[in-house]
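Asks: Let's see this in three dimensions:
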Amino acid sequence: MTHSLRTRGTPTVVLVRRGLVALTVIGILATAFELAAARHWNEWEQLIPWAALLALASAAALSALPGGRGTTAARVLALLVLGASAYGVLEHLLVNVGSGPHDQRYADAWQSFSLFERGWYAITKTVGPAPPLAPGVLGQTALLLLLATICHPHRPDNRQDDPGARSAG
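Replies: Now for the predicted structure:
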């Protein structure tokens, strides 16, 4: 464990961390563009991903604070976004399953489909208007930020786990 703690500040780890943060920012911007293009703001539930994006942008900013001071807050916000993402995937899936009986292609047979078949049609957007995987991008972006906070080179708690640091200090 001592070896991995010493390598946190190496150029490779710093590069990986910066890459993860960059991918997080790209994910935030791309999701915001997609939500704006879809005019995703007509009902209160459609504001949830906007709030999640704001939380994720705040988490990215907090993770950039010197000395790792914002790491814990960034992780908490990223975990909240993961929850919002899971809610969004489930909500989109349920909307699509609920529209199955109204789809003229499947209306007569919908009740005879297995739960797996209904779920498959809903998640692949064969039925329904909601893209179930779109909110999953929020979760992926939040996971990227969580990974970036794991390899923060200046986290104050790094020295606590290093037995050599205790004897030296």
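
Asks: use CA for all of it now, contacts and neighbours both
Replies: Noted.

Asks: report the longest helix in the protein, please.
Replies: helix 71-99 (DSSP state H).

Asks: what about the very next helix or strand once past it, distance to the chain center?
Replies: Proceeding N to C from helix 71-99, the next assigned helix or strand is helix 115-123, under DSSP states H and E. Distance of helix 115-123 from its chain centroid, counting by CA atoms, centre = their mean, to the nearest Å, is 24 Å.

Asks: for the nearest residue to Leu147 once chain neighbours are set aside, what are its contacts?
Replies: Setting aside the residues directly before and after it, Leu147 is nearest to Leu20 in space (CA to CA, 6 or more residues apart in numbering), at 7.3 Å. If you count contacts by CA atoms under 8 Å, 6 or more residues apart in numbering, Leu20 has them with 144-145, 147-148.

Asks: Closest one of those residues to Thr12?
Replies: Taking CA to CA as the measure, Thr12 sits nearest to Ala148 out of the contacts of Leu20, at 12.8 Å.

Asks: Tyr87 versus Leu79, what's the distance?
Replies: Using CA to CA, to the nearest Å, Leu79 is found at 13 Å from Tyr87.

Asks: Which one's more surrounded, these two?
Replies: Shown here are Leu79 and Tyr87; by other CA atoms under 10 Å, Leu79 has more neighbours (18 against 15).

Asks: Surely that one and Ala142 touch.
Replies: Yes. Contact status for Leu79 versus Ala142: in contact at 7.2 Å, counting by CA atoms under 8 Å.

Asks: What separation is there between the spatially most central residue of the chain and Gly67?
Replies: Nearest to the geometric centre of the chain sits Gly139, at 2.1 Å (CA atoms, centre = their mean). According to CA to CA, Gly139 and Gly67 sit 26 Å apart.

Asks: same question, Ala74
Replies: Ala74 is 13 Å from Gly67, where distance means CA to CA.

Asks: Just want to know which of the two has more residues nearby.
Replies: Using other CA under 10 Å as the criterion, Ala74 and Gly67 rank with Ala74 on top: 26 against 13.

Asks: contacting residues for the more buried one?
Replies: Ala74 touches 56, 58-60, 62-63, 146, 149, counting by CA under 8 Å, 6+ apart.

Asks: for the residue nearest to it when sequence neighbours are not counted, what are its contacts?
Replies: Once flanking residues are discounted, Ala74 sits nearest to Ala59: 4.1 Å by CA to CA, 6+ apart. Counting by CA under 8 Å, 6+ apart, Ala59 makes contact with 73-75, 77-78, 145.
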